[in-house]
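# Mind looking at a prediction? Sequence and model below.
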Amino acid sequence: MPSRPARRLLPLAVLATASALVLSACAGPADGGSGGDADAELVWAIEGANLSAGHMDPQTSQLDVSGMVQRQVLDSLVFQEADGSFSPWLAESWEVSDDGRTYTFDLRDDVTFSDGTPFDAAAVKANFDRIVDPATKSAQAASMLGGELYAGTEVTGEHTVEVSFTQPYAPFLQAASTAQLGFWSPKVLETSADQLAAGGPDVTVGTGPFVLSEYTADQEIVYTRNDDYAWGPDGAQAPKIQTLRVELLPEASVRAGVLSSGEADVATQLPPNVVADLGDDIAVTAKEYPGLPYSLFLNEKHGVFADQKVRQAFSLAIDIDVAVEEIFFGEFPRAWSILGPTTPGYDASLEGTWAFDADRANALLDEAGWTERGADGIRMKDGERLSARWIAWTPISDDRTALANAIQSDLKDVGFEIVREKLEPAAYNEQYGPKTYDITDWDFSGVDADLLRSHLGTDGFQNASQVSDPAVDDLLERGLSTSDTGERAEIYTELQQWNAEHVAIVPLYVSSLITGSASTVQGLEYDLYGRPLFYDASVSR
């Protein structure tokens, strides 16, 4: 990978040098070690913000944390290995039709949901049909299931199912490996589907290695071992621990504190600034998120960003390198593209192509007609201030607050006013729905570059920039229709280069999911997103 201004977060080099920590990509032997206690409780501290606001169902939630915690109960048809290939899980085998429109899965016949309901082809159909049902109000999962391309699921045998699309749909296997397309018990779907978003015992029922046994909103989720589990990925059996207690702790310093004190065994979503203080007996794993880096979305159908020169000036006026380096201690790389470096199809040629250039930004704003200045130095045109309103979803971490302050300061230097509003989820959605903002922000994890369809497609459910370009829609259509790796890479390269010129999205930095684990934890593994997997985890007290 070509060098970039900010240093990459490298667990075995950078952090070990800076903090003398023991770092690993997978802590401990796969068999859980010799001292594991089969009756042990493992305590996992996470941020968990907004789970209680209707985000306990990955089929309807767009929050990463929903899939991360509910992976404990939700299994998938296939498993995606570290090299990107797919291996059997609930499906023993599968075939793709020559036209790329139909996926046929032969399912295991020995799987049951934790409420005793058999897992079969009818369960697959019930879940997939529920996801695309407009009444479910699914966005992300429905998009991953093809959205309007989903033609239906047909039960062709008790344990054989065909999932069909109206055209070739290459990203489906990757989507089918995620918790978003995992399976709830058909009994729950019949009687309590409206309660899945809130979650709880006897509602959050899947086939997974754990059973949700207790849930206290905004405090903790308790998962108990599913003793019957014998169908995990790569031969995983029932977990080695009896209880997985998930503590919901929004403050990063608190998560770090409970890990260092021994009150928690594992802590996830740690920022770089707390890593050095964890202690020598804490193993740290950091994995760059694949997908869309943390970015700013410029609403080109509302206000000043309708002018491409203003959008270009905005991106050039931010000294991203300095801000990211200082705020994230050089551990998160500055982003150059709308795909992160670990995402297939990433265009490395964009690195270094749009560095900070206040002079060029000023020239572009002059060309756009913003030549007058108010008493406070903000540019004016026809009596209107050059001002943009940025809505931000709370809670907001300290580092992102610091980054926003740096961005506002940089833009003010060129006469561009940025007014930032921190909004609770309900208030945020009131403005996001009708798109009455100029800027908003987020990152979005995903292994397949098809995630750009939801962000840049005319009808994309996350098209915060309100892009509507037939040429872009055509590229996105071609990207999901072909399974040729080289052709897909070319398509997504073209989309990244289009954004670099058009500036619908301004990528800022590529974050990593940082997890710390105590030396008493063995067998902890991670998925492609860096999320802990507890199939073989054990604890020695």
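Thanks, I have the structure now.
# Just give me the neighbour total for residue 301.
By other C-beta atoms under 10 Å, the residues close to residue 301 number 11. From N, CA and C alone the C-beta is placed, and that goes for glycine too.
# before we move on, what about residue 329?
Other residues lying near residue 329 total 19 when counted by other C-beta under 10 Å.
# Can you verify it is assigned to a strand?
No - using DSSP: H, G, I helix; E, B strand; the rest coil, the assignment for residue 329 is coil, not a strand.
# For it, give its distance to residue 275.
Distance from residue 329 to residue 275, counting by C-beta to C-beta, to the nearest Å: 9 Å.
# Same check on residue 421?
In terms of C-beta to C-beta, residue 421 sits 31 Å off from residue 275.
# which one of those two has more residues nearby?
Legend: neighbour count by other C-beta under 10 Å for residue 421 and residue 275, higher for residue 275 (24 against 12).
# Need the pLDDT of that one.
On pLDDT, residue 275 comes in at 88.
# That one and residue 516 touch, don't they?
Yes - at 7.4 Å, residue 275 counts as touching residue 516 under the criterion of C-beta atoms under 8 Å.
# if I look at these two, which residues touch both of them?
residue 284 (C-beta atoms under 8 Å, 6 or more residues apart in numbering).
# from memory residue 281 sits against residue 519, does it?
Yes - taking contacts as C-beta under 8 Å, residue 281 lies within contact range of residue 519: 4.5 Å.
# So the two - more neighbours on which side?
residue 519 (15 against 12).
# and the residue nearest the centre of the chain, how far is that from residue 67?
Centroid-nearest residue in the chain, with C-alpha atoms, centre = their mean: residue 445, separated by 2.9 Å. Distance, residue 445 to residue 67, using C-beta to C-beta: 9 Å.
# same question, residue 326
32 Å.
# Out of these two, name the residue with the larger neighbour count.
Between residue 326 and residue 67, residue 67 has the larger neighbour count (other C-beta under 10 Å), namely 25 against 14.
# Disregarding flanking residues, what is the spatial nearest neighbour of the more buried one?
The spatially closest residue to residue 67, leaving aside those adjacent along the chain, is residue 179, at 3.8 Å (C-beta to C-beta, 6 or more residues apart in numbering).
# can you count the residues close to the one you found?
For residue 179, the count of nearby residues is 25 (other C-beta under 10 Å).
# Show the contacting residues for residue 432.
By C-beta under 8 Å, 6+ apart, the contact set of residue 432 is 391, 440, 464.
# one more time with 6 Å, if that's ok
Residues near residue 432 by C-beta atoms under 6 Å, 6 or more residues apart in numbering: none.
# Just to be sure, residue 475 is in a helix?
Yes - counting by three-state DSSP, residue 475 is located in a helix.
# low-confidence ranges in the stretch 301-450 of the chain?
Within the stretch 301-450 of the chain, not a single segment meets pLDDT under 70.
# can you give me the strands in it?
372-373, 379-381, 384-385, 387-393, 417-423, 439-445 (DSSP state E, counting those that start in this stretch).
# wait, which of those strands is closest to residue 132?
strand 439-445 (20.6 Å; C-beta to C-beta).
# residues making contact with the helix or strand following the closest one?
Of the helices and strands lying after strand 439-445 in sequence (DSSP states H and E), the nearest is helix 452-456. Contact partners of helix 452-456, identified using C-beta under 6 Å, 6+ apart, comprise 143, 460, 461, 462, 467, 472, 476, 495.
# ok, which pair from those is furthest apart?
Pairwise distances across the contacts of helix 452-456 (C-beta to C-beta) peak at 17.5 Å, for the pair 461 and 495.
# out of these two, which sits in the busier spot?
Neighbours per residue (other C-beta under 10 Å) separate residue 461 from residue 495, with residue 495 holding more: 24 against 16.
# so what are the domain limits for the protein?
Split into domains by automatic domain parsing, the chain comes to 54-197, 291-510.
# I'd say residue 333 and residue 508 touch.
No - here residue 333 does not reach residue 508: they are 10.5 Å apart, not a contact under C-beta atoms under 6 Å.
# Between the two, which has more neighbouring residues?
residue 333 (27 against 23).
# for this protein, which spans come out with low pLDDT?
The model of the chain has pLDDT under 70 over residues 1-36.
# now do 80
Where the chain drops to pLDDT under 80, the residues are 1-38, 541.
# quick one: buried residues of stretch 486-506?
The neighbour-count check on stretch 486-506 (16 or more other C-beta atoms under 10 Å) flags 488-496, 498-500, 502-506 as buried.
# chain center to it, what's the gap?
Averaging C-alpha positions (C-alpha atoms, centre = their mean, to the nearest Å) puts stretch 486-506 20 Å from its chain's average.
# Restricting to C-alpha, output the helix ranked longest in the chain in CSV.
Identified as the longest helix of the chain according to DSSP state H is helix 485-502. Extracted C-alpha coordinates of helix 485-502, given in CSV (Å, rounded to 0.1, in the frame of the first residue of the first chain):
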residue,chain,number,x,y,z
THR,A,485,-13.6,-9.1,-10.1
GLY,A,486,-11.5,-7.0,-12.6
GLU,A,487,-14.6,-5.4,-14.2
ARG,A,488,-16.1,-4.5,-10.8
ALA,A,489,-12.8,-2.9,-9.7
GLU,A,490,-12.8,-0.7,-12.8
ILE,A,491,-16.4,0.3,-12.2
TYR,A,492,-15.8,1.3,-8.5
THR,A,493,-12.5,3.1,-9.5
GLU,A,494,-14.5,5.2,-11.9
LEU,A,495,-17.1,6.0,-9.1
GLN,A,496,-14.3,7.0,-6.7
GLN,A,497,-12.7,9.3,-9.3
TRP,A,498,-16.1,10.8,-10.2
ASN,A,499,-16.6,11.8,-6.5
ALA,A,500,-13.1,13.2,-6.3
GLU,A,501,-14.1,15.7,-9.0
HIS,A,502,-17.8,16.1,-8.2
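# Name the residues that touch it?
By C-beta under 6 Å, 6+ apart, the list of residues contacting helix 485-502 from outside reads 337, 338, 345, 347, 350, 449, 452, 475, 478, 479, 482, 505.
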